[in-house]
Structure formats: structure tokens, C-alpha cells
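Q: Build me a structure from this.
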Amino acid sequence: MEKQSYKKITPLRYVYHVSSAVCREGIEKNGLLSAYSNMNKAYCVFAHNAGYPSMRWYPFCFDESFYWESAANFDSREYEFMYFMMKYGYDFWQIDTRKMDNEWFIDRFGMEDFYNGISYPFLIVTFDSIPRKAIRRFNFHETPKVLKREGVAHVEGYFRAA
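A: As a prediction, this is how the structure comes out:
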């Protein structure tokens, strides 16, 4: 793999990785370890360079363990789609790019295949593992969380830390 064939970018502060819940224990212990990608011919970690998960994230950057042929029909409503993902055993990991020194690049294969002509780097990749200190698991909750203090309220949405 030649890094010079990838365009280096500065990602958003928070980017997201989706992985099988089977990997949760290992990720919580070791962080996100780079794995071999046949397409990229390198060890890497993929992520979404976008905020709140939505159908605009499609295609999701899944670990290779996702079996499309066994998946149910996707509901077009974003919220139900996210519950579908959690129901079938997938975790959403928020990566704080300020808590590590990784270089990030546009995932040129994903962007060419799914975002032909778009200049915004939705799909990104790093060729290094991501330390545990830089990630936290997020979840979709049935109701928002409302915190009230001294006449002021703060509402945390459906998608928040697990």
C-alpha cells in the first residue's frame, strides 16, 4: 500500500466506526485494531467522517463480518434503521480524533464506489490502530435524556454514549 496514492485529510473531531458487537470486549480492552483490507491491500480502520448517524451514512463502514444475505429488509426511517443495527448486534464507536496522532485519508475505494463526484470525504481510513482512550461506544435510546438544573434544561438526543 502506498500512502501517497491516498489523499490526506483533517477529519472532524468526532468520526464513527461501526463494528459487530462480538468485537465489543476486545475493542473496550484494546481499542480499534487495524485489520487487513483486501480492497486497500493494507491494515486499516475505516470510519464515517460525519456527525449523527443517518441513512446518509450508507454504505456503513462495517467490519467484514456483516452478512448482507441474512439481513432483514431495511426500513427507510433512520431511527428504526439504527435500532435494526443494534438489534442485529452492531456497535457504534465514536472516535475522538484529537486524542491520537493518527493520519487520516479519504477511503478512495468507498468514495469512488458510493459517492462518485462528491468532494466531501464521508468515508475515511487510517492505517494505524486507534487507542482505547480515543473511543467510546454510543447507543440509540428510546427517549431523549433531559437534564434540568437551576432553570436551564439540556436535552441529549436519542444517539448518545452507551
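Q: can you map out the helices along this structure?
A: If DSSP state H is used as the criterion, the helices of the chain fall at 24-30, 78-87, 108-114.
Q: So, low pLDDT: which residues of this structure?
A: 1-4, 52-88, 117, 140-144, 155-160, 162 (pLDDT under 70).
Q: what about the strands in it?
A: With DSSP state E as the criterion, the chain has strands at 8-9, 14-20, 35-37, 42-48, 90-96, 104-106, 123-126, 135-140, 145-149, 152-156, 159-161.
Q: can you redo these as JSON lines with distance to Lys29?
A: (Glycine included, C-beta is placed from N, CA and C.) What follows is these, written out as JSON lines (distance: least, Cβ to Cβ, whole Å):
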{"stretch": "strand 8-9", "distance to Lys29": "29"}
{"stretch": "strand 14-20", "distance to Lys29": "14"}
{"stretch": "strand 35-37", "distance to Lys29": "16"}
{"stretch": "strand 42-48", "distance to Lys29": "16"}
{"stretch": "strand 90-96", "distance to Lys29": "13"}
{"stretch": "strand 104-106", "distance to Lys29": "24"}
{"stretch": "strand 123-126", "distance to Lys29": "20"}
{"stretch": "strand 135-140", "distance to Lys29": "12"}
{"stretch": "strand 145-149", "distance to Lys29": "27"}
{"stretch": "strand 152-156", "distance to Lys29": "27"}
{"stretch": "strand 159-161", "distance to Lys29": "18"}
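Q: Brilliant, that's me finished.
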